[in-house]
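1. From the sequence below, what's the structure:
(2 chains)
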Amino acid sequence: MEIYPFLPKTNCKKCGYPTCMAFALALLQGKAKVDDCTPLIDEKKYKENHEKLKELMGGAEGKEKELHIDVDKDLCDGCGICVTACPVNARYCLPTLSGKAPDYPPEKHQLFQVTDGKCELLDLKSCRRIEAEGRERECTVCENYCPRKAIKINYV
Amino acid sequence: MMRINCSGCSLLCDDILVNTNGTIIEQVIGACKKGKQRMDQLNAKNRIISPMIRKNKELQKVSWEEALNKVKEIVKNSSKPLLYGFSTTSCEAQLKGLELAKRINGFIDSNSIICQGKVLNAAKDSGITLTTLAEIINKADLLILWGANIADSIPRLLNKALFSRGKFRLTGREIKTIIIIDPIKTASFEVMQMRDTALYIQSDKDIDLIRFLKEKISTSKEISENKIAGLDKEDLKRLIINLTNAEYGVIFVGQGLLRPNPEYNVLKELIELVRVINSKNEKGRISLTLLGGHYNMIGFEHVSLSFYGKNHSLQFSDNILIKTSDTIVSKVANDDFDCSIIVGTDPISNFPYFLSNKLASKPLILIDNKKSATMEVADVFLPSSLTGIECDGLAYRFDHVPIQLKKILNPPNGVLSDEEILNNIIKKINNK
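-> Below is the predicted model of the structure:
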C-alpha cells in the first residue's frame, strides 16, 4: 500500500484505531480522514508527510468506497491456485482441501470457480475483507499467490 | 452436469464437470487451459473427419475401403516397416499396435524413448524410488523442481502439490518449502515466498552439483569451495540442510536433465544421490517423480513389458521378438526402413530436419484427428476419435496409476477409434 509509509507508525491510537495499519485501511475505505491523525498536524517533522498524504487522497476523502477484486482474463491460465488457497473456500468447500475442484452448483459462501479454463469470481459478499474482524481484514492471499499476477484488489 | 476424467495432460484430473447437449460440450468447470483446449478439439477448425489418399500430389477424400486397400498395398511392398507414436492413444490401441507390428515384421517404438523413458532405462540396474500423487498431497513438505517448469506444462500440479491441505499438512502452503534449480527465470518462480530458494545453476553443470552433494552428504565434511556450478556457499548449505532434514521430499525431473552426454550418465548419478540421501536422513526420505506431456506415455511401457517382455524399441522378425540395440532415432538416421505408420503424433515438426527429411521421403501412413505438418507429407490419412470423450480406454497417469477414461458423446459419422482402425488394418492384411 502506498499510504502506510507516510504515517508516523507509532500506533499511538489518537485517531481511534488500534494500529497505523488499521488507520491506513480505514483511509482507503473512506471511513476516516487524513486530519484524524493529530500527530501529523501537531508535530513539525511530519509536515511533508501530511501534504503528501493530502495529495494522494485527492478529493476522495470521506466518501464510502467499495471493494473490487478484478481478474484479468488474458493473463489467467486456469491453474486454480486461487480456489485452493482462499481461506473462505477452504472453510466451506471440503474438496478444495486436497486440491480438487468444488462441486456444482457452487456453495453459498464460495468465492472462486474455474469456468471454461479461466478464473471467475462468484460472490464478493463472503470475502474476508468485508466480513471478518481484526487482522483478518487485511487478507491478500489471492493477490499474492497468483503466479501470473492476474488478480488485483482495489477500492473504488 | 456429469463428471469425467480429463485427458489433456499426464495428470488425468478426475474432478472435472461438463455440460453437454448431446453433440458438443457447452461448459467446463474445474479444468485448466490445457483441458479446455482438449475439449475444444471436438469441433475445432483443423479437425478432419474423412479418410484421404494422395493422388497427383494432392490429398483427396475417399472411402474407408479404398484407404485400407492402399494401406495394404504399401505394407505388402515393404520389408522393413516402422511404427511410431502411441502416446496419445488408449492401452487397448497400444496392444493392437504391437500385434500389427508382430504381423508385418516391423519395428515399433513410442514417444517415451526421447522423453521420460530415459529415466526408467537408467534405473534398470539399481531400481528407483517413485511416489504417487496422494502421498505428495498428504505428506510432502519439500518439493524440488530440477529442470522443470510446471507452471507452464502441467498448470494444476502446483495447485495440488503445493497449495493443498493434506491430512498431515493441514496448514497448507506455509509449511512447505519449494526449491527450483534452473538456469533462467521461468513462470514457476512466481510462487516462491520467504523460506524458498531459487538456484540459478550454470547451463549443463548439473553433474557437478550432483557429485558435490554426494560427497558432502556421505562424508559430512565442511564446505571449502566458494562456488560450485555457479551457486554460492550459503545456498548450498541451505540445500543440504533441507535435503537431510525433510520428512517427505519429492524431486520432479524435467526436460532439463534429459540431454545425453557420451562421458557420463546424469540420471544414473541422480538415482545414486537419492539413495545416499535416504541412508543419511533419519526422519524421512526423498523420492523421484517423472513428468510427461502426453496423457498415456507411461501406458506403452507397461503394456509392452507385460505382454512382450521389453518396454521400448521392439523389433519383430518371423513372428518373434529379436534382440536389437536400435531406437527410432538410429533406425531413421541410418535409413534402415522403407515405410512408416505414425499414430497420434507429429514427428515432422518435432524431429530435427535431417531425420524428418528421411521420414518424409518414404511412404507414410498417418492415424490422427487433426491437420498437422505430418499430414502435408502423408500418403494415406485415417481419421480417429478422441479418447476420453468419444471412446473408452485405459490410460496411465504420470505416477503409474491406471485411470479409466469413459465415453460421453458419439464421434462424427464415419470416424472410428484407434483400436478399431488398427484392427481393420490387421484384418485387411490377413485376407487373401
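2. Please make it C-alpha for all contacts and neighbour counts, starting now.
-> Will do.
3. Need the residues that contact stretch B:19-38.
-> A:77-80, A:101-102, A:113-118, B:1-2, B:6-9, B:15-18, B:39, B:42-43, B:155-156, B:409-410 (Cα atoms under 8 Å, 6 or more residues apart in numbering or on different chains).
4. redo that, cut-off 6 Å
-> Applying Cα atoms under 6 Å, 6 or more residues apart in numbering or on different chains, the contact partners of stretch B:19-38 are A:77-79, A:101, A:114-117, B:1, B:8, B:16-18.
5. which ones among the residues you listed are found in strands?
-> Judged by DSSP state E, those include A:114-115, B:16-18 as members of strands.
6. Among those, which one sits closest to A:Y4?
-> Proximity of the ones in strands among the contacts of stretch B:19-38 to A:Y4 (Cα to Cα) peaks at A:V114, which lies at 34.0 Å.
7. Run a quick neighbour tally on the nearest residue to the closest one once chain neighbours are set aside.
-> In space, A:V114 comes closest to B:G30 once its chain neighbours are excluded; the distance is 5.1 Å by Cα to Cα, 6 or more residues apart in numbering or on different chains. For B:G30, the count of nearby residues is 31 (other Cα atoms under 10 Å in any protein chain shown).
8. For A:I151, see how far away B:G30 is.
-> Going from B:G30 to A:I151 by Cα to Cα, to the nearest Å gives 18 Å.
9. go on, B:I320?
-> 59 Å.
10. do B:I408 as well
-> With Cα to Cα as the criterion, B:I408 and A:I151 are 35 Å apart.
11. So for B:I320 and A:I151, which residue has more residues nearby?
-> A:I151 (20 against 12).
12. Tell me if I'm right that that one and A:V71 touch.
-> Yes. In this structure A:I151 lies within contact range of A:V71 using Cα atoms under 6 Å: 4.7 Å.
13. those helices in chain A, which residues are they?
-> A:20-29, A:38-42, A:47-57, A:81-85, A:87-92, A:128-131, A:141-145 (DSSP state H).
14. Equivalent analysis for the stretch 101-250 of chain B, please.
-> For the stretch 101-250 of chain B, applying DSSP state H, counting those that start in this stretch gives helices covering B:117-122, B:133-139, B:150-153, B:155-162, B:206-219, B:233-245.
15. Redo those as JSON lines? Include distance to chain A and mean pLDDT.
-> Output for the helices of the stretch 101-250 of chain B, formatted as JSON lines (distance: least, Cα to the nearest Cα, whole Å; pLDDT from 0 to 100):
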{"stretch": "helix B:117-122", "distance to chain A": "27", "mean pLDDT": "91"}
{"stretch": "helix B:133-139", "distance to chain A": "7", "mean pLDDT": "94"}
{"stretch": "helix B:150-153", "distance to chain A": "8", "mean pLDDT": "92"}
{"stretch": "helix B:155-162", "distance to chain A": "5", "mean pLDDT": "93"}
{"stretch": "helix B:206-219", "distance to chain A": "26", "mean pLDDT": "92"}
{"stretch": "helix B:233-245", "distance to chain A": "23", "mean pLDDT": "91"}
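16. Out of the ones you listed, which is the most enclosed?
-> For the helices of the stretch 101-250 of chain B, the largest average neighbour count (mean count of other Cα atoms under 10 Å in any protein chain shown) is found in helix B:155-162, namely a mean of 23.
17. Excluding covalently adjacent residues, which one is nearest to A:L97?
-> Using Cα to Cα, 6+ apart, the closest residue to A:L97 is B:R165 (4.9 Å).
18. that older thread, for the ones in strands among the contacts of stretch B:19-38, which one is nearest B:F398?
-> Scanning the ones in strands among the contacts of stretch B:19-38 for proximity to B:F398, where the rule is Cα to Cα, the winner is B:I16, at 18.1 Å.
19. ok, the closest one to chain A distance?
-> Using Cα to the nearest Cα, to the nearest Å, we find B:I16 at a distance of 7 Å from chain A.
20. Chain neighbours aside, what residue packs nearest to that residue?
-> Per Cα to Cα, 6+ apart, closest to B:I16 is B:G30, 5.2 Å.
21. again, but for B:G284
-> Per Cα to Cα, 6+ apart, closest to B:G284 is B:E247, 4.3 Å.
22. Give me the buried positions along stretch B:349-361.
-> B:355-356, B:359-360 (16 or more other Cα atoms under 10 Å in any protein chain shown).
23. so how far is it from its chain's centroid?
-> Here stretch B:349-361 is found 21 Å from its chain centre; the criterion is Cα atoms, centre = their mean, to the nearest Å.
24. and what of stretch B:416-432?
-> The mean C-alpha position of stretch B:416-432 is separated from the chain mean by 26 Å, Cα atoms, centre = their mean.
25. which element is B:I403 on?
-> strand B:402-405 (DSSP states H and E).
26. What strands line up against that strand, and which way round?
-> strand B:393-396 (antiparallel) (DSSP bridges).
27. got the contact list for the partner strand?
-> B:90-91, B:296, B:298-299, B:402-405.
28. run the last query once more with 8 Å
-> Contacts of strand B:393-396 (Cα under 8 Å, 6+ apart): B:10, B:90-92, B:295-299, B:387, B:402-406.
29. Narrow those residues to those that are buried.
-> Looks like these have B:10, B:90-92, B:295-299, B:387, B:402, B:405-406 buried, using 16+ other Cα under 10 Å.
30. out of those, who's nearest chain A?
-> B:S10 (14.9 Å; Cα to the nearest Cα).
31. so the closest one makes contact with B:R397?
-> Yes. With contacts counted by Cα atoms under 8 Å, B:S10 reaches B:R397, the gap being 5.4 Å.
32. Touching both of those two, which residues are there?
-> B:295-296.
33. Outline the domain layout of chain B.
-> Split into domains by automatic domain parsing, chain B comes to B:49-111+B:296-430, B:117-290.
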